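# mind looking at a prediction? Sequence and model below.
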Amino acid sequence: MQVYLVGGAVRDALLDRHVTERDYVVVGATPKEMLQKGFTQVGKDFPVFLHPKTGEEYALARTERKSGKGYTGFVCDASSDVTLEEDLKRRDLTVNAMAQSAQGSIIDPYNGQRDLQNRILRHVSEAFSEDPLRVFRIARFAARYTYLGFTIAAETKALMTEMAQSGELQSLSAERVWQETKRSLLEGNPEVFFEILASVGALQTWFVELESTLSVSIATLKTSVQCQNIIAAEQSTDPLLPLLIRFTSLVVGLNDSDVEQLCNRLKVQNQVSEVAILASKFKATLLQTSIEKDEEASNLLSLFNGTDAWRRPERFSQILSAFTPYALTQSNNWEYRKQEVISALNAANSVNVQDIIAKGFKGPQIREALNTEKLAVIEGVINVQPHE
């Protein structure tokens, strides 16, 4: 039995990047031997085991043969005579197909170190095309390593294009595509993920709505990275905020019905989709600088009612933060406008429904009177002068 460190840990160590997790491959062992050593198997039909002390993953060396569509259509051979080189050959990129022995020596049968030095993301073999999820995975790696000068090899990009044209991407689950998308959005250059997908024709299956507004999405995503420090202080109390900002930046240029359609297709979690849909729906109001006081006040009241800012102030705050990158690409006065919106909301929140009831209003009249008074106080605080 021989154990090797494999994949991302080897790659990132060679790039002097922080290694966050370590995976191992075990050559010459059987499931029975792993269990006898105290390892816990992850799923009875999959040859991956958790170390009894560290919890790290140890996978038996294996080969895979395509047997059906999608990323699950494989027959796996994890017999004890599978070699390390055979196991590494089934991996996606040469830079991910390296191993390190317990003594520290690098095993590199597919020239991953050379591609690291040349900053190339290159597929290991033609078996790359058997797993359609790799189109998204490689685009994610490009988004992660662009800052180091990495590009995708021409032959790999051509293979990704063939895979997109084959229709195989449709066989993927929404959960897997969203997972790759979510991770890509949080990389240093999230826009690269979507630029790569567009260049290989892979937007059409899962992100068709973005095709017509891609340039806006790219510009807004870049801005979301640039202004990250502005909103970083809020992350300590709202760990979801980075994802909210990046995803909203991606889709806010669309109309709200297209955003909703995209979110439904990807099965985006409600906390994220709600903010993105509402930011898109009310983007004109959020950026509005109307001369007419009554029109401006009415639009703001519709914004507060439509987002339920009264009962969900935390979500409204998320909307403003998530909308910031797009607003900065559209206006030089966003910070002023943002404070104006907040002041109007604070003023409207000062209206007490009990005071209205005390005046004798009943039933549907209460809501009407409440809106009338909120409208009046909003008119009292908004700036009616246009600001260019």
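Thanks, I have it.

# what does the residue lying closest to Ser199 once chain neighbours are set aside show for phi and psi?
On the basis of CB to CB, 6 or more residues apart in numbering, the spatially nearest residue to Ser199 that is not a chain neighbour turns out to be Lys157, at 7.2 Å. (Each C-beta comes from the backbone N, C-alpha and C, glycine too.) Phi and psi for Lys157, reported as degrees, to the nearest 10, are phi -60, psi -40.

# ok, Lys157 touching Ala202?
No: Lys157 is not in contact with Ala202 according to CB atoms under 8 Å; the separation is 10.9 Å.

# ok so, going back, tally of neighbours for the residue nearest to Ser199?
Applying other CB atoms under 10 Å, we find 19 residues neighbouring Lys157.

# same check on Leu254?
22.

# re the thing from before, per-residue pLDDT of the residue nearest to Ser199, please?
On the pLDDT scale, Lys157 is placed at 98.

# OK, contacts around Ile342?
Going by CB atoms under 8 Å, 6 or more residues apart in numbering, Ile342 touches Leu320.

# helix or strand right after the strand or helix carrying it?
Assigned by DSSP states H and E, Ile342 belongs to helix 334-349. Per DSSP H and E, helix 334-349 leads on to helix 353-358 as the next helix or strand towards the C-terminus.

# now for that following helix, which elements pack on it?
Counting by 3 or more CB pairs under 8 Å, 6 or more residues apart in numbering; DSSP states H and E, the packing neighbours recorded for helix 353-358 are helix 364-381.

# let me see the contact set for the nearest residue to Leu60 once chain neighbours are set aside.
Excluding its sequence neighbours, the residue lying closest to Leu60 (CB to CB, 6+ apart) is Pro47, at 3.9 Å. Contacts for Pro47 were tallied using CB under 8 Å, 6+ apart; they are Pro31, Gln41, Ala59, Leu60, Arg62, Cys76, Ala78.

# distance of Pro47 from Lys32?
In this view, Pro47 and Lys32 are 12 Å apart by CB to CB, to the nearest Å.

# domains of this protein: list them as residue ranges, please.
Listed by automatic domain parsing, the domain ranges of the chain are 1-110, 227-388.

# for the first one, measure first residue to last.
Just to be clear, that refers to domain 1-110. End-to-end span of domain 1-110 (CA to CA, to the nearest Å): 23 Å.

# what average pLDDT does it get?
pLDDT averaged over domain 1-110 gives 89.

# now it, how far from the chain's geometric center?
Centroid separation between domain 1-110 and its chain, computed with CA atoms, centre = their mean, to the nearest Å, is 26 Å.

# all the helices of the stretch 151-300 of the chain, residue numbers only.
In the stretch 151-300 of the chain, helices defined by DSSP state H, counting those that start in this stretch lie at 154-166, 174-185, 190-199, 203-206, 214-226, 228-231, 241-251, 256-266, 270-281, 283-287, 293-306, listed in chain order.

# using CSV, please lay out those together with distance to Val25.
What follows is those, written out as CSV (distance: least, CB to CB, whole Å):
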stretch, distance to Val25
helix 154-166, 23
helix 174-185, 23
helix 190-199, 28
helix 203-206, 31
helix 214-226, 35
helix 228-231, 37
helix 241-251, 32
helix 256-266, 32
helix 270-281, 35
helix 283-287, 49
helix 293-306, 53
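
# please identify the most buried of those helices.
Comparing those by mean neighbour count (mean count of other CB atoms under 10 Å), helix 241-251 ranks first with a mean of 25.

# could you say what helices and strands the helix or strand in which Arg65 is found packs with?
Using DSSP H and E, Arg65 sits in strand 63-66. Using 3+ CB pairs under 8 Å, 6+ apart, the elements in contact with strand 63-66 are strand 74-77, helix 84-89.

# what's the most buried one of these?
Stretch with highest mean neighbour count among those: helix 84-89 (a mean of 18; mean count of other CB under 10 Å).

# C-terminal to that one, what's the next element?
Next helix or strand after helix 84-89 toward the C-terminus (DSSP H and E): strand 99-100.

# check the burial of Pro132 by counting its neighbours.
Pro132 has 25 nearby residues by other CB under 10 Å.

# try the one 3 residues further on
Counted by other CB under 10 Å, the residues lying close to Val135 total 28.

# for it, which residues are in contact?
Contacts for Val135 (CB under 8 Å, 6+ apart) come out as Met160, Met163, Ala164, Leu169, Leu197, Val200, Ala202.

# and those residues, which two are furthest apart?
Met163 and Leu197 (11.6 Å; CB to CB).

# how close does Trp178 sit to Gln354?
45 Å.

# repeat for Met34
From Met34 to Gln354 the distance is 68 Å (CB to CB).
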